[in-house]
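Chemist: no sequence for this one, just the structure:
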């Protein structure tokens, strides 16, 4: 069982790269800036440096310990949590509803714990869920304000050299923010699978970054194609605003130990940036479909994992 759990943790990291990493890189590619290989290298470097040297592992601890205190002999429950989180994301993606792997993991951990009769900190879940609802709203408000005011300082809306430099700086900030928050879910899964919850050694960090990179490379073209059908026709100004706003919101959550989803914050920033120019620029049907997928993810993960947890308890 421990070997199987580690294999599933490795699969989870690959899925995170394909789901999260490819979306971050694809959004950056929509605007003039560094080459794709450079953007990938920057994101992987942030994943290595963030947990080990810069931010610590507060978010990983929340997922691995605070929601459900997994102890010894809970391998079956851990198995359910990992399988359900990946399964929900895959199922919704197949239905054309890309969603948050972070939300799916939180729901799966909670549901598996409830079904197995483990102590679940529902207050922590409520705190995280509320923060998840507020994150895109806050990013949208910041995006609206920044587009209206701050970006005039870069010399208008043209793709100037100064704006491109800001784009590179904002992308680096976004990579660091992801490493401080959503990127740590991989460390949490590895730690739980290995039975060392709360400890994210350098081996886990290195393995997670490498596997994440594999998934990223495999999924970035698909993500770039999907982005053209996203909530907004993205130009340099929109990418810059979304990167800045999502970084601020997600990094803040990471420092507080609250798991947040980068894709939600980016979407909020893009909506704010586009709406500040004209609400008609936003593809509202797409935005509502994304919001619906996010709202479904948490309860669906909880329900499916709770059923799995009950089966594990009965089988034990």
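Modeler: That came through, no problem. Quantities reported herein were computed from a predicted structural model and do not represent experimental measurements.
Chemist: Figure out how far stretch 115-126 is from the centre of its chain.
Modeler: The chain centre lies 22 Å from the centre of stretch 115-126; the measure is CA atoms, centre = their mean, to the nearest Å.
Chemist: The one helix or strand residue 191 maps to packs against which elements?
Modeler: Taking DSSP states H and E as the criterion, residue 191 maps to helix 184-194. Using 3 or more CB pairs under 8 Å, 6 or more residues apart in numbering; DSSP states H and E as the contact test, the elements touching helix 184-194 are helix 2-16, helix 58-61, helix 75-94, helix 101-116, helix 202-227. Glycine gets a C-beta too; all of them are placed from N, C-alpha and C.
Chemist: Run through who's touching that helix.
Modeler: Residues from elsewhere that reach helix 184-194 (CB atoms under 8 Å, 6 or more residues apart in numbering): 2, 5-6, 8-9, 12-13, 16, 50-51, 57-64, 70, 78, 81-82, 101-102, 105, 197-200, 204-205, 207-208, 211-212, 254, 259.
Chemist: Over to stretch 138-154?
Modeler: With contact meaning CB under 8 Å, 6+ apart, stretch 138-154 is reached by 157, 160, 162-163, 166, 237, 240-242, 244-246, 248-249, 264-273, 275-277.
Chemist: Now, of the residues you listed, which are buried?
Modeler: 163, 166, 237, 240-242, 244-246, 248-249, 264-273, 275-277 (16 or more other CB atoms under 10 Å).
Chemist: Out of the helices and strands packed on helix 184-194, which gets nearest to residue 233?
Modeler: Between residue 233 and the helices and strands packed on helix 184-194, the tightest spacing by CB to CB is seen for helix 202-227, at 9.9 Å.
Chemist: can you tell me the distance between the two ends of stretch 186-202?
Modeler: Distance between the two ends of stretch 186-202: 13 Å, counting by CA to CA, to the nearest Å.
Chemist: Run the chain-centre distance for it.
Modeler: The answer for stretch 186-202 is 18 Å, by CA atoms, centre = their mean.
Chemist: in that stretch, what's buried?
Modeler: Those buried within stretch 186-202 under the rule 16+ other CB under 10 Å are 186-195, 197, 200.
Chemist: got JSON lines for these, with pLDDT and distance to residue 124 too?
Modeler: Listed next are the buried residues of stretch 186-202 as JSON lines, based on pLDDT from 0 to 100; distance: CB to CB, whole Å:
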{"residue": "186", "pLDDT": "93", "distance to residue 124": "20"}
{"residue": "187", "pLDDT": "91", "distance to residue 124": "18"}
{"residue": "188", "pLDDT": "91", "distance to residue 124": "13"}
{"residue": "189", "pLDDT": "92", "distance to residue 124": "17"}
{"residue": "190", "pLDDT": "91", "distance to residue 124": "21"}
{"residue": "191", "pLDDT": "87", "distance to residue 124": "17"}
{"residue": "192", "pLDDT": "87", "distance to residue 124": "16"}
{"residue": "193", "pLDDT": "86", "distance to residue 124": "21"}
{"residue": "194", "pLDDT": "83", "distance to residue 124": "22"}
{"residue": "195", "pLDDT": "76", "distance to residue 124": "21"}
{"residue": "197", "pLDDT": "58", "distance to residue 124": "14"}
{"residue": "200", "pLDDT": "59", "distance to residue 124": "19"}
